[in-house]
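In: Output the structure for:
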Amino acid sequence: MAKVLLDMAVSLDGFVDGKGGADVGLYDWYAATSGPNHSVAEELVETTGAIVVGRGVFGREDDATGWEETPYDVPHFVVTHRPPPRVPGPVDFRFAGSVREAIEAAQEAAGDRYATVGGGADVARQALELGLVDEVQLHLVPIIVGAGTPLFAHGSGGWRLTPIRVVEAPDVTHLRYRVDGPRVASEG
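Out: Predicted structure coming up:
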């Protein structure tokens, strides 16, 4: 079965977006055409066999038309209890009612590549809490956002991770970890 990779860009203070969901440039590195940022992005595209995202990443309920383009020519599993009736466009969107269901379907679809959790802090946290994540890749962008959606909310900790690699690049540091097992008891 495919391994599950949680892959998110995050600010230095732990946010995945700005206030009100604002784009604060956390994925600007992704557009690089050469150098280490390009290599990391290219590797991610090549090793991803399916993607899991939350409904908010897919689009708001009132305008959820999906995306017109993506570098990933793989199935995209959207976690939602209210799938739209039809999604036009070239991206293969599939809908699941829970994080577990989406990840299991993505693992099946991914074959020998990763089922990548690529969007939605709540989906990412749930995947970790359910023990479904094998590796975590964070793209740490050296900005302090101050407000927005935190990747890890209060109380969602206790996982032991082992560093696999660090790639330093202009305006971002790419960090990859192996999840070493069950949640460790928090010290109080």
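
In: For burial, what's the neighbour tally of residue 147?
Out: Using other C-beta atoms under 10 Å, residue 147 has 12 neighbouring residues. C-beta here means a position set from N, CA and C on the backbone, and glycine is covered the same way.

In: quick one: buried residues of stretch 129-145?
Out: Residues of stretch 129-145 classed as buried by neighbour count (16 or more other C-beta atoms under 10 Å): 132, 133, 135, 136, 137, 138, 139, 140, 141, 143, 145.

In: again, but for stretch 46-53
Out: 48, 49, 50, 51, 52, 53.

In: Can you get me a residue count around residue 27?
Out: 14.

In: nearest residue to it other than its sequence neighbours?
Out: residue 9 (5.3 Å; C-beta to C-beta, 6 or more residues apart in numbering).

In: Give me the contacts around the host helix or strand of that neighbour.
Out: When elements are assigned from DSSP states H and E, residue 9 belongs to strand 4-11. Contacts of strand 4-11 with the rest of the structure, by C-beta atoms under 8 Å, 6 or more residues apart in numbering, involve 16, 24, 26-27, 29-30, 44, 47-48, 103, 106-107, 114-119, 121, 124, 127-128, 132-141, 143-145, 148, 151, 172.

In: Flag the shaky bits of the chain, pLDDT-wise.
Out: 57-69, 86-88, 154-156, 182-188 (pLDDT under 70).

In: all strands for it, in order.
Out: 4-11, 48-54, 76-79, 93-96, 114-119, 135-141, 161-169, 172-179 (DSSP state E).

In: Residue 17 reaches residue 24, doesn't it?
Out: Yes. Under the criterion of C-beta atoms under 8 Å, residue 17 makes contact with residue 24 at 6.5 Å.

In: thinking again about what came up before, can you pick out the most distant pair from the buried residues of stretch 129-145?
Out: Farthest apart among the buried residues of stretch 129-145 by C-beta to C-beta are 132 and 143. That separation is 29.3 Å.

In: for residue 72, what are its contacts?
Out: 45, 48, 51.

In: nearest residue to the residue nearest the centre of the chain other than its sequence neighbours?
Out: The structure's the chain has its C-alpha centroid closest to residue 118; by C-alpha atoms, centre = their mean the separation is 2.2 Å. Once flanking residues are discounted, residue 118 sits nearest to residue 51: 4.9 Å by C-beta to C-beta, 6+ apart.

In: So what does the residue lying closest to residue 100 once chain neighbours are set aside have for phi and psi?
Out: Ranked by C-beta to C-beta, 6+ apart and with sequence neighbours excluded, the top spatial neighbour of residue 100 is residue 130, at 5.8 Å. The phi and psi values for residue 130, taken as degrees, to the nearest 10, are phi -80, psi -10.
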